[in-house]
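Participant: Test case, fold it:
(chains A and B)
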Amino acid sequence: MAEIVDGGGGGGKHGKKKAKKGAARIDMTPMVDLAFLLLTFFVLASTLSKPKALEIVYPKETEKEEETTKLDDALATTLLLGEDEKEIYYYTGAYKPDSTELILTDFSAEGFRKVMLEKNGPITDQINQLKTKLMNKEINDSIYQANYKLVVGNDKAPFVVIKTIGKTKYKNVINALDELNITNVRKRAVQDMAESEAIAVRQKTNELGLVK
Amino acid sequence: MPKIKVPKSAPSLDMTPMVDLAFLLVTFFMLTAKFRNMEPIEAEPPYSTSEIQLKENVMLVTIDKEGRAYYDISDKAVRKLLIKGMMKRYTALELSDGDVDEFVKMGTFGQPINQLASYIKADTDTKEAMDKQSKGIPLDSLDNQLGDWVIEGFYAFMNNAKSIYPNETDLKNFLKENGLRYAIKADADTDYENVEKVIDVFRDREIYQFNMVTSLVGSEKTADVKLDAQ
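Facilitator: Coordinates of the predicted model:
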């Protein structure tokens, strides 16, 4: 603690009366309390307020045939997001109005994520291998990034089309994109739902009695 | 038997270095903390597991639950160039030098051009009332003011960067590291069409990459993915 140590103390050479000089102690506890309170406040306030962001790239709108990307229908999974939060369906392959069956799903760990992890299994395995290599310092970060891009951009990698209607809740779209990030699906697009699909969604919702 | 005597005075501990350190840190965090401007609208972004932090140089469009669009761009020098550019584009917008400075200090705003001058001049209470009535920055195809803000913001950013880095390679490096990013902060419960409208405004101006602002969800979500994957 802060103390001022007195050298002599009570010399009395000149016979003067001196006040007794003990070490002056100041109790610093309240000040220290305050200092740490402020410190905690600023540390928390400055780290918590930093916003996080999800990166999305939207495709360029194009009419030209050669600029469009052709993808194999067999690798496609389409996620249909309806008006209600619970209206989340998916189907695989191309859409055939009569035979395509919509499957209800959700954004929990057991829902759409499980579906995509299964489909994207080989790629997830490869990415996990890369991650272990990175952790064991066998490869450096730039090699990891390059390999990661190669793996997720593979021709055989499954892709997901997220289809929305105007009234789809924004958070559902973000949730869907987030699930795709988690399951390492990098090939994805957000599109408007076709009229036939929107009707199918409505029918399915009525059938299941999801929305009252 | 004589007992060993334990001294009864309180043990004294020299706290001075700790206090020094604590105050040093307090000072550091106080000085580095940036205070956010008051936000005129509420937009609670959705949760995601993304841990990418929003970069420094950002053009931010905020969309609230009703779909009103608000605009903001960081950096004071850029804002000054931006408002000058907008005054050239919209000759009806007449602002004094003081008003320009006031605009530079302002944060997010969502007023159409014809209201902007009176909004800048207004006091806090009037501003609040105007924000309540505002329909956001118009972005329909007939009167696409948001598009003008976007493009003028881009020009202002580039001109400002050019004046700081006259050397071409320096400029390239700066843009590679700290180029302008486009962020959209939309309310979790807004309809997706509102977001899509804003995205289309950007896409019309050949901007395709966005940062959707989200708040971080607890790490349990990523934890069980790892379990699933194994």
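
Participant: Roughly how far does the most centrally placed residue in chain A sit from A:Met116?
Facilitator: A centroid search over chain A (C-alpha atoms, centre = their mean) returns A:Asp178, at 5.6 Å, as the residue closest to the centre. Separation of A:Asp178 from A:Met116 (C-beta to C-beta, to the nearest Å): 12 Å. For every residue, glycine as well, the C-beta is placed using N, CA and C.

Participant: For the one helix or strand B:Tyr71 maps to, which outside residues touch it?
Facilitator: Per DSSP states H and E, B:Tyr71 falls inside strand B:69-73. Residues from elsewhere that reach strand B:69-73 (C-beta atoms under 8 Å, 6 or more residues apart in numbering or on different chains): B:40-41, B:58-64, B:79, B:82, B:107-110, B:136-137, B:139, B:146, B:149, B:153, B:156-157, B:194, B:197-198.

Participant: so which of these also contact chain A?
Facilitator: B:Asn194 (C-beta under 8 Å from any C-beta of the partner chain).

Participant: Looking at the contacts of strand B:69-73, which are in helices?
Facilitator: B:79, B:82, B:146, B:149, B:153, B:156-157, B:194, B:197-198 (DSSP state H).

Participant: where does the chain have low pLDDT?
Facilitator: Here I'm looking at chain A. A:1-22, A:47-50, A:62-70, A:211-212 (pLDDT under 70).

Participant: wait, I meant chain B there
Facilitator: Looking at chain B by pLDDT under 70, you get B:1-2, B:7, B:34-38, B:217-230.

Participant: tell me the helices in it, going along the chain?
Facilitator: Counting by DSSP H, chain B has helices at residues B:16-32, B:76-89, B:97-105, B:113-121, B:124-133, B:145-164, B:168-178, B:192-204, B:220-229.

Participant: Mean neighbour count for those - can I get that in a markdown table?
Facilitator: Putting the helices of chain B into a markdown table (neighbours: other C-beta atoms under 10 Å in any protein chain shown) gives the following:
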| stretch | mean neighbour count |
| --- | --- |
| helix B:16-32 | 14 |
| helix B:76-89 | 18 |
| helix B:97-105 | 14 |
| helix B:113-121 | 17 |
| helix B:124-133 | 12 |
| helix B:145-164 | 19 |
| helix B:168-178 | 12 |
| helix B:192-204 | 20 |
| helix B:220-229 | 14 |
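
Participant: need the ones you listed in TSV with distance to A:Val190, can you?
Facilitator: Formatted as TSV, those follow (distance: least, C-beta to C-beta, whole Å):
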stretch	distance to A:Val190
helix B:16-32	37
helix B:76-89	29
helix B:97-105	34
helix B:113-121	31
helix B:124-133	30
helix B:145-164	20
helix B:168-178	27
helix B:192-204	8
helix B:220-229	21
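
Participant: closest to A:Ala94 out of the ones you listed?
Facilitator: Closest of the helices of chain B to A:Ala94 is helix B:192-204, at 23.8 Å (criterion: C-beta to C-beta).

Participant: what packs against the closest one?
Facilitator: In terms of contacts (3 or more C-beta pairs under 8 Å, 6 or more residues apart in numbering or on different chains; DSSP states H and E), helix B:192-204 is packed against helix A:170-182, strand B:58-63, strand B:69-73, strand B:139-140, helix B:145-164, strand B:181-186.

Participant: now do 6 Å
Facilitator: Helices and strands touching helix B:192-204, as assessed by 3 or more C-beta pairs under 6 Å, 6 or more residues apart in numbering or on different chains; DSSP states H and E, comprise helix A:170-182.

Participant: Contacts for the helix it packs on, please.
Facilitator: A:79, A:81, A:107, A:112-113, A:160, A:162, A:188, B:46, B:48-49, B:186, B:188, B:190, B:192, B:195, B:225 (C-beta atoms under 6 Å, 6 or more residues apart in numbering or on different chains).
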